[in-house]
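Student: Structure, please.
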Amino acid sequence: LRPTTLHIDPGDQAEWGQRAFQTTTKNFYIEPNWILSKPNHPPLTILYYKANYFLYRQLSLRLNQSKFFLKKLRIINENSNYYKFTDSLDKIDSAENPFPRGYLLTLKLIPIISDILIAIIIFNIAQKKSKKPLVYPSLFLFMPFSWYISSLWGQTDQLSFLFLILSFICINKKSTLSIVLFYLSVAIKPTSITITPLFLFLLHKNKTKISSFINGILISLLINFITFKPFYITNIFDFTFNQLLPRLADRPPRLSTNIYNFWHIFSLNNPVSSQIKILFLSATSWSILIFCLINLFVFTKIKKVNLKTILISLFIISFSSCFFLTNMLDRYAFTSIVSGLIILIYYPNALSYWLIIASIFSLNIYRLWWFPQSFHFLKEVLTFKKYIIGIPFCLINLFCFTQILKRLPFIKGSCPKDWGVLTKKIPHFREGFSKYKLFVDNVFLVSFNNSKRDFSLLKIKTFNIKLDFFAFFKINSTSKFRNMNQSFNTSFEFN
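Tutor: This next block holds a predicted model:
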């Protein structure tokens with residue numbers, strides 16, 4: 001995979017981290033003199049780059065000490081590969097990236113580790129639900145989009161997603177920790193902020209305690225204060241609204257920026273403004289309206305907060321945000337691609353459509369950097385007639401997204417339509433239809449005794465597990481209950 005390949009972006013990160021380490025961070029965001037570009041990442045991310053520079057200095061020191069120690073023992077000499085390798089780490093990479101090569105490579109270390117940790121999380125979920133749990137982390141690790149962004153590009157999308165997925169996993173049992181993890185995800189990559197309405201709704205739906213919610217907010221505010229403090233002189237509010245936010249939003253409003261989404265159909269590779277009017281409204285207004293409607297639709301479908309519904313809703317909202325909102329970048333689709341992979345654990349029949357979306361995403365992130373440069377044919381195809389191939393890619397993305405949704409009971413009711421299907425899935429019902437007991441709405445007990453042709457409905461008080469789906473009970477016999485159809489549209493599960 002050639003992990004020593006360097007994109008221009010780590011050069012920006014290296015400059016910000018080195019400047020933060022060597023000089024003061026006061027007025028960091030209004031400083032006009034920069035070698036490559038002005039900082040447009042949040043304070044926590046700048047401190048992360050600063051920590052990377054410190055890590056590089058420590059690694060360089062230890063490697064050089066080991067080099068001279070081994071040379072003294074005559075294990076290596078100046079012509080040895082190890083000697084040359086340690087020397088190369090402290091050399092300036094290039095005129096485009098005027099920083100030590102070792103420092104630029106160190107910036108990739110945490111994203112690569114984040115890749116591995118995400119794969120472990122995927123494996124842990126798959127281990128409980130799939131007979132082949134290694135398939136899913138392997139798809140993540142070896143599909144181009146993951147290692148291309150981390151080990152080649154050196155971006156921090158994986159680190160942000162790691163905190164994001166952990167926050168959603170912790171919603172049920174550790175809501176305070178979940179809030180803090182979600183804040184860290186947004187503080188590293190503000191693009192996660194589009195998931196905020198869903199996150200807040202899940203907290204509400206899960207009936208999070210007020211005390212847990214307040215504790216999570218207070219801890220997040222404390223972390224925010226600690227990370228902001230090195231950057232301002234007067235007060236935190238002046239810094240946030242007059243220095244930080246203008247810098248983070250310092251980008252021309254575009255319909256689409258190198259991402260195969262809905263708005264890319266109209267702009268292709270042209271810098272079209274997102275303020276363009278469409279039926280008396282700007283494209284930005286239309287995108288926000290569509291995104292809000294999708295959020296409301298997902299909220300109405302969430303009946304119970306469990307890991308499956310959390311992951312499905314995360315996939316739908318994250319995909320919708322990068323596909324329908326304006327001013328999106330290619331890497332913003334990372335959350336939707338990985339969350340889509342995780343829901344394949346529950347619904348593997350959607351694998352083929354996910355593979356298509358993931359492949360288009362891989363081509364999408366390749367399209368701007370064009371590395372490896374030896375893929376001349378691929379570049380010619382993607383740039384043919386002013387990037388016209390982007391239109392079918394956008395439509396294919398939308399088609400595959402809808403096909404995945406059709407396979408989710410979360411969207412379309414998926415249930416056994418007769419007793420035969422029901423009995424295949426529930427071992428208790430295989431015993432000759434002797435007696436059935438169902439907990440319905442946690443209020444009623446339905447009992448059917450086949451031998452006595454007895455059907456009774458008894459009111460009880462019990463609170464057991466619940467499972468959302470429709471159950472259609474078809475009862476056909478020669479008794480007075482013949483052709484009787486009893487339907488339940490409710491929420492229940494078998495114990």
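Student: shaky segments in the chain?
Tutor: The chain contains residues with pLDDT under 70 at 1-6, 410-495.
Student: most residues in a single helix of it, which one?
Tutor: In the chain, with assignment by DSSP state H, the single longest helix is helix 43-72.
Student: and that helix, how far from the chain's centre?
Tutor: The chain centroid and the centroid of helix 43-72 are separated by 30 Å under C-alpha atoms, centre = their mean, to the nearest Å.
Student: now stretch 130-138
Tutor: With C-alpha atoms, centre = their mean, you get 19 Å for stretch 130-138.
Student: Tabulate the CA atom coordinates of it in CSV.
Tutor: Listed next in CSV are the C-alpha coordinates belonging to stretch 130-138 (Å, rounded to 0.1, in the frame of the first residue of the first chain):
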residue,chain,number,x,y,z
SER,A,130,-23.1,-13.8,12.1
LYS,A,131,-21.6,-17.2,11.5
LYS,A,132,-18.8,-15.6,9.6
PRO,A,133,-17.8,-12.6,11.7
LEU,A,134,-14.4,-12.1,10.0
VAL,A,135,-16.0,-11.2,6.7
TYR,A,136,-17.2,-7.7,7.8
PRO,A,137,-14.0,-6.4,9.4
SER,A,138,-12.1,-7.8,6.4
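Student: ok so, going back, after the longest helix of the chain, which helix or strand is next? Please name it.
Tutor: helix 81-89 (DSSP states H and E).
Student: list the helices and strands that following helix packs on?
Tutor: helix 43-72, helix 101-106 (3 or more C-beta pairs under 8 Å, 6 or more residues apart in numbering; DSSP states H and E). C-beta: built from backbone N, CA, C; applies to glycine.
Student: other SSEs contacting the first one?
Tutor: Going back to what we said before, that points to helix 43-72. helix 9-22, helix 81-89, helix 101-106, helix 109-129, helix 175-188, helix 210-228.
Student: could you redo the ones you listed as TSV and give each row mean neighbour count?
Tutor: Shown next, in TSV, are those (neighbours: other C-beta atoms under 10 Å):
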stretch	mean neighbour count
helix 9-22	21
helix 81-89	14
helix 101-106	22
helix 109-129	17
helix 175-188	22
helix 210-228	14
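Student: Format those as TSV; extra columns: distance to Gly154.
Tutor: Compiled in TSV, those are given as follows (distance: least, C-beta to C-beta, whole Å):
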stretch	distance to Gly154
helix 9-22	4
helix 81-89	16
helix 101-106	7
helix 109-129	7
helix 175-188	14
helix 210-228	22
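Student: Leu202: which of those helices is closest?
Tutor: Evaluated over the helices and strands packed on helix 43-72, closeness to Leu202 peaks at helix 175-188, with 8.9 Å, by C-beta to C-beta.
Student: to the chain's geometric centre, what's the distance from that closest one?
Tutor: 14 Å.
Student: what comes into contact with it?
Tutor: 42-45, 48, 156, 159-161, 163-164, 166-168, 170-171, 192-193, 196, 199, 203, 206, 208-209, 212-213, 215-217, 219-220, 223-224, 227 (C-beta atoms under 8 Å, 6 or more residues apart in numbering).
Student: Let me see the ranges of the strands in the stretch 301-450 of the chain.
Tutor: 435-440, 444-449 (DSSP state E, counting those that start in this stretch).
Student: Give me the buried positions along stretch 59-74.
Tutor: Leu59, Ser60, Leu63, Lys67, Leu70 (16 or more other C-beta atoms under 10 Å).
Student: Spatially nearest residue to the third one (excluding sequence neighbours)?
Tutor: Taking C-beta to C-beta, 6 or more residues apart in numbering as the measure, Leu63 lies nearest to Thr86, with 4.6 Å between them; neighbours along the chain are not counted.
Student: Nearest to Phe323, out of the helices and strands packed on helix 43-72?
Tutor: Among the helices and strands packed on helix 43-72, helix 175-188 comes nearest to Phe323, with 20.1 Å by C-beta to C-beta.
Student: Downstream of the closest one, the next helix or strand is which one?
Tutor: helix 196-205.
Student: residues making contact with that next one?
Tutor: Contacts for helix 196-205 (C-beta under 8 Å, 6+ apart): 167-168, 171, 175, 178-179, 182, 186, 213, 295, 298-299, 302, 305, 310, 313-314, 317.
Student: quick revisit: what's the angle from the longest helix of the chain to helix 210-228?
Tutor: On the basis of axes from the mean of the first three to the mean of the last three C-alpha atoms, to 10 degrees, helix 43-72 is oriented at 60 degrees to helix 210-228.
Student: now helix 43-72 against helix 81-89, angle please.
Tutor: Going by the same axes, to 10 degrees, helix 43-72 makes 140 degrees with helix 81-89.
Student: give me phi/psi at Leu255?
Tutor: phi -60, psi -50 (degrees, to the nearest 10).
Student: Quick check: closest non-adjacent residue to the spatially most central residue of the chain.
Tutor: For the chain, Thr335 is the residue whose C-alpha lies nearest the centre (C-alpha atoms, centre = their mean; 2.3 Å). Excluding its sequence neighbours, the residue lying closest to Thr335 (C-beta to C-beta, 6+ apart) is Ser318, at 4.2 Å.
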